[in-house]
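Colleague: need coordinates for the below:
(chains A and B)
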Protein chains: 2
Amino acid sequence: MQRLYTLAAAAVAAVWLSAPAPAAAYDQLVEKQVFEMDSFTTQNGATIAPVRVGWEAYGTLNEARDNAILITHFFSGTSHAAGKYADSDAAPGYWDSIIGPGKPLDTDRYYVIASDTLVNLNAHDPNVTTTGPATVNPATGKPWGMDFPVVTIRDFVEVQKALLDSLGITRLHAVMGASMGSLQAYEWAATYPDRVARLIPVIGSGEADAYLIGILNTWASPIRADGNWNDGAYYDGEPPTKGLAEALKLVTLQANHWEWADETFGRALAEEGRDPAADITAKYKIEAVLDQVAAARAAVADANHLLYLVRANQTFVTGGGPTLAEGLARIEAPTLIIHQPEDLVFFPEGVRKTAALIAADGTPVQIVELAGTRGHLDGVLTIAQAGDRIRAFLER
Amino acid sequence: MQRLYTLAAAAVAAVWLSAPAPAAAYDQLVEKQVFEMDSFTTQNGATIAPVRVGWEAYGTLNEARDNAILITHFFSGTSHAAGKYADSDAAPGYWDSIIGPGKPLDTDRYYVIASDTLVNLNAHDPNVTTTGPATVNPATGKPWGMDFPVVTIRDFVEVQKALLDSLGITRLHAVMGASMGSLQAYEWAATYPDRVARLIPVIGSGEADAYLIGILNTWASPIRADGNWNDGAYYDGEPPTKGLAEALKLVTLQANHWEWADETFGRALAEEGRDPAADITAKYKIEAVLDQVAAARAAVADANHLLYLVRANQTFVTGGGPTLAEGLARIEAPTLIIHQPEDLVFFPEGVRKTAALIAADGTPVQIVELAGTRGHLDGVLTIAQAGDRIRAFLER
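Modeller: Below you'll find the model as predicted:
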């Protein structure tokens, strides 16, 4: 059943996330692995024991262990950045268009590695391993629920660092991530300047500003409104599936753009003959598709994990701040910022301000503007248009 | 108790909607009146009996009855466009800065009239009279609930036309409205070109595009997720107050803009000493204020009315279309379109397209761009900056 849900989710996601098919997908099957720490102490001093996160890699780590590129994932994403787990998979990982042999993140040269974050949204996806509120706490024998400590982007980075340490990787050729992944990338470069040779933040700014704090709050609105949420204590009963699906609808729509919605759906009805102007239960096509996508995503997600992800993003200021300028000044790595000027999650002004603050002390910063009709999502779906710039930046 | 809620709502709204204080408020106390139709037939052929809506007016109708300006209200608004009901009111009507003696909508010259729409959101505000799902249907002795027929922007217009007919007003000097009010204004001008001498749509386009259809759907997400909503049948039990408040938070935030959020709240905490990075129940200041505003608004609103308003807006194409171009071609009145280029509800491209389609057959169209940090809300809060343009347009 779980597997069926996952396939359905992947199929629907494949339609929704209708990126052009890559010329050649990463050509080896990907194996999911699990990294475990007996105990992890958060930046706030809380203990999580154990911590387990999934990870995967493409390419080969060289003898010097200096050819690794870390990919950090977005809010609703996982470590599945490229390739397929099985030939029958509906779609490869989300950045397959730029990761693989001969591609910009050339797996003949680089060892590309990605891990699931703490409190990963897709807690019930069999290909995801994460630790969060839905995880059984061995100390109590029950899911953590809202007793799980608040975790931050910095905590995500610390778990990744422990994973890399376990592989003997002490310096990254580059760190690259989209959206929430860009926050992790900024944090890596500011916190461990000696360990990051190149920084590629995609569709993201150096902090969560007030509006984003508010937007993130509203992504969780339908979950809080769902009585089954029960202040997070639902693991013994009915989970807030309705609220979770409505929340994922909000996330899906905000990451998109009116231009694409207009050209894809227009004002088409979900069912001919059922006119929304005549029947309050009828729908427009975009509503029906959003419902489908959201239901498929909700089937493998956990509502409390979404709330903890919201919080992790809200707390973010690069390098812990205290001001954005101070945090970003700690970044020494040459930086390639990729964004979409029509992004409705991370507005272009915030991205440009971030670029200016990194460059203020002489750190080299380049900016690539993506074109497209998808807004924020162009950073995931049409990233290949920046392929030559990424390739050149990685070779310098 | 109801009165207390209303005062609280007005006070919080006054803080949130922090427009500059007008130089001189409309100087007479406003009296709310009620217009009643024994029976109203919707465009879809459904019967609502009776229909009652509130209305108010500023200035004096002249002998020729040709000096009337109709103001049509926005999604969460009411007919209270100017003045105060009592000297003790916390704030005057929303466009008081441009309506009054000597102001652009000069009440020494014009008779400015506004009415509550059908399915008005604020069904429990004692100053609002509306007919919708929360209204008792005399035929059953119970609230209509989801048996209330779908109503459209055109239906709103038809009720307004009946009100104007009852006052002997057969031709409007102008029709002007913001956001959902602009949709009503477009509809008036396209459906009754002989009755509209001037058209002033503010922060709105000629149709709901796919993205707006989706956004409107998500405004209702928290209501659908709230078990108390019970598919709309809650009038005998607990209403979905939590879902309604979360929905109004979404509406409030989307009508605003990151620039204002950033300069007003930044990353301030709701309570010093309760750090959101350490406590999952702690909040940032913008979250706490959004919660306050939303709770105050929810106290006088009805959840089903919000769903019906969502639908009325989703169905909108000027003049019933069938294409936007055909609908807008029916507009003959000289048009002054006022919008804000950073609007996150009605994007500027849609407004410009609307202007071009109206102008395509030679109808004169002027565009005024508002400046400001409030996005969509600048059309309500800082409309006075367009005062001279509005005054001149009304005098031509």
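Colleague: just give the nearest non-adjacent residue to the residue nearest the centre of chain A, would you?
Modeller: In chain A, the centroid-proximal residue (CA atoms, centre = their mean) is residue A:74; its distance is 1.1 Å. Of all residues not flanking residue A:74 in the chain, residue A:179 sits nearest, at 4.0 Å (CB to CB, 6 or more residues apart in numbering or on different chains). In short, each C-beta sits where N, CA and C put it, glycine included.
Colleague: shouldn't residue A:380 be within a helix?
Modeller: Yes. Under DSSP: H, G, I helix; E, B strand; the rest coil, residue A:380 sits within a helix.
Colleague: wait, doesn't it sit right on residue A:180?
Modeller: No. If you go by CB atoms under 8 Å, residue A:380 and residue A:180 don't touch, sitting 11.5 Å apart.
Colleague: find residues that contact each of those two.
Modeller: residue A:74 (CB atoms under 8 Å, 6 or more residues apart in numbering or on different chains).
Colleague: follow-up on the earlier one: and the residue nearest to residue A:74, how many neighbours?
Modeller: Neighbour count of residue A:179, defined by other CB atoms under 10 Å in any protein chain shown: 26.
Colleague: just to check, it is in contact with residue A:201?
Modeller: No. Checked against CB under 8 Å, the pair residue A:179 and residue A:201 is beyond contact range at 9.4 Å.
Colleague: in chain A, where's the longest strand?
Modeller: Ordering each strand of chain A by length in residues (DSSP state E) puts strand A:51-58 first.
Colleague: which elements pack onto that one?
Modeller: strand A:33-37, strand A:111-115, helix A:153-166 (3 or more CB pairs under 8 Å, 6 or more residues apart in numbering or on different chains; DSSP states H and E).
Colleague: just to revisit the earlier point, SS state for the residue nearest to the centre of chain A?
Modeller: Looking at residue A:74 with three-state DSSP, the answer is coil.
Colleague: touching, it and residue A:184? I think so.
Modeller: No. With contact defined as CB under 8 Å, residue A:74 does not count as touching residue A:184 (9.7 Å).
Colleague: so what sits against both of these two?
Modeller: Common contacts of residue A:74 and residue A:184, defined by CB under 8 Å, 6+ apart, comprise residue A:177.
Colleague: adding mean pLDDT and distance to residue A:213, write the helices and strands packed on strand A:51-58 out as a markdown table.
Modeller: Output for the helices and strands packed on strand A:51-58, formatted as a markdown table (pLDDT from 0 to 100; distance: least, CB to CB, whole Å):
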| stretch | mean pLDDT | distance to residue A:213 |
| --- | --- | --- |
| strand A:33-37 | 98 | 30 |
| strand A:111-115 | 98 | 26 |
| helix A:153-166 | 98 | 14 |
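Colleague: now mean neighbour count and distance to chain B too, for these, in CSV please.
Modeller: Shown next, in CSV, are the helices and strands packed on strand A:51-58 (neighbours: other CB atoms under 10 Å in any protein chain shown; distance: least, CB to the nearest CB, whole Å):
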stretch, mean neighbour count, distance to chain B
strand A:33-37, 15, 21
strand A:111-115, 26, 22
helix A:153-166, 21, 9
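Colleague: the stretch 151-300 of chain A: helices as residue ranges?
Modeller: A:153-166, A:180-191, A:210-219, A:221-225, A:241-254, A:258-264, A:285-298 (DSSP state H, counting those that start in this stretch).
Colleague: how far off helix B:210-219 does the last one point, in degrees?
Modeller: Between the direction of helix A:285-298 and that of helix B:210-219, the angle (axes from the mean of the first three to the mean of the last three CA atoms, to 10 degrees) works out to 50 degrees.
Colleague: please name the nearest non-neighbouring residue to residue A:127.
Modeller: Looking at residue A:127 with CB to CB, 6+ apart, the closest residue is residue A:32, at 5.6 Å.
Colleague: cool, residue A:125 as well?
Modeller: The shortest distance from residue A:125 to any non-neighbouring residue, by CB to CB, 6+ apart, is to residue A:300 (4.1 Å).
Colleague: residue in the stretch 251-396 of chain A nearest to chain B?
Modeller: residue A:258 (3.5 Å; CB to the nearest CB).
Colleague: do I have it right that that residue meets residue B:213?
Modeller: No. Taking contacts as CB under 8 Å, residue A:258 lies outside contact range of residue B:213: 10.3 Å.
Colleague: who has more neighbours, the two?
Modeller: Counted by other CB under 10 Å, residue A:258 and residue B:213 do not tie: residue B:213 has more neighbours, with 29 against 21.
Colleague: check contacts around residue A:56.
Modeller: A:30, A:31, A:32, A:33, A:79, A:80, A:81, A:83, A:113, A:114.
Colleague: state the pLDDT value of it.
Modeller: Confidence at residue A:56, expressed as pLDDT, is 98.
Colleague: try the one 4 residues further on
Modeller: As summarised for this prediction, residue A:60 has a pLDDT of 97.
Colleague: ok, now residue A:18?
Modeller: 46.
Colleague: ok, now residue A:90?
Modeller: Value listed for residue A:90 in the pLDDT field: 94.
Colleague: what do you get for residue A:31?
Modeller: Residue A:31 is assigned 96 on the pLDDT scale.
Colleague: and the nearest residue to it once chain neighbours are set aside, what are its bridge partners?
Modeller: Nearest non-adjacent residue to residue A:31, counting by CB to CB, 6+ apart: residue A:56, 6.8 Å away. Beta-bridge partners of residue A:56, counted by DSSP bridges, are residue A:114.
Colleague: how close does residue A:56 get to chain B?
Modeller: 29 Å (CB to the nearest CB, to the nearest Å).
Colleague: quick one, what contacts the residue of chain A most remote from its centre?
Modeller: When distances to the mean C-alpha position of chain A are computed (CA atoms, centre = their mean), the maximum falls on residue A:278, with 40.0 Å. Residues counted as contacts of residue A:278 (CB under 8 Å, 6+ apart) are B:44, B:150.
Colleague: residue B:289 versus that one, what's the distance?
Modeller: Distance, residue A:278 to residue B:289, using CB to CB, to the nearest Å: 40 Å.
Colleague: can you check residue A:282 too?
Modeller: Residue A:282 is 36 Å from residue B:289, by CB to CB.
Colleague: comparing the two, which shows the higher neighbour count?
Modeller: Between residue A:282 and residue B:289, counting by other CB under 10 Å, residue B:289 is the more crowded of the two (21 against 18).
Colleague: now the nearest residue to residue A:99 once chain neighbours are set aside, what's its secondary structure?
Modeller: Sequence neighbours aside, residue A:82 is the residue nearest to residue A:99 in space, at 3.7 Å (criterion: CB to CB, 6+ apart). What three-state DSSP gives for residue A:82 is coil.
Colleague: for residue B:95, see how far away residue A:82 is.
Modeller: Residue A:82 is 55 Å from residue B:95, by CB to CB.
Colleague: neighbour count winner among these two?
Modeller: Legend: neighbour count by other CB under 10 Å for residue A:82 and residue B:95, higher for residue B:95 (32 against 28).
Colleague: quick check: the more buried one touching residue B:79?
Modeller: No. Using CB under 8 Å, residue B:95 is not in contact with residue B:79; the gap is 11.2 Å.
Colleague: so who does residue A:55 touch?
Modeller: Contacts of residue A:55 by CB under 8 Å, 6+ apart are A:32, A:33, A:34, A:35, A:79, A:113, A:114, A:115, A:116, A:163.
Colleague: host element of the residue lying closest to the third one once chain neighbours are set aside?
Modeller: It stands for residue A:34. Once flanking residues are discounted, residue A:34 sits nearest to residue A:129: 5.0 Å by CB to CB, 6+ apart. Assigned by DSSP states H and E, residue A:129 falls within no helix or strand.
Colleague: next, count neighbours for residue A:129.
Modeller: 22.
Colleague: ok, the one 3 residues further on next?
Modeller: Applying other CB under 10 Å, we find 25 residues neighbouring residue A:132.
Colleague: apart from its chain neighbours, what residue comes closest to it?
Modeller: Nearest to residue A:132 is residue A:119, by CB to CB, 6+ apart, at 3.7 Å.
Colleague: contacting residues around that neighbour?
Modeller: A:130, A:131, A:132, A:133, A:148, A:151, A:305, A:308, A:309, A:312.
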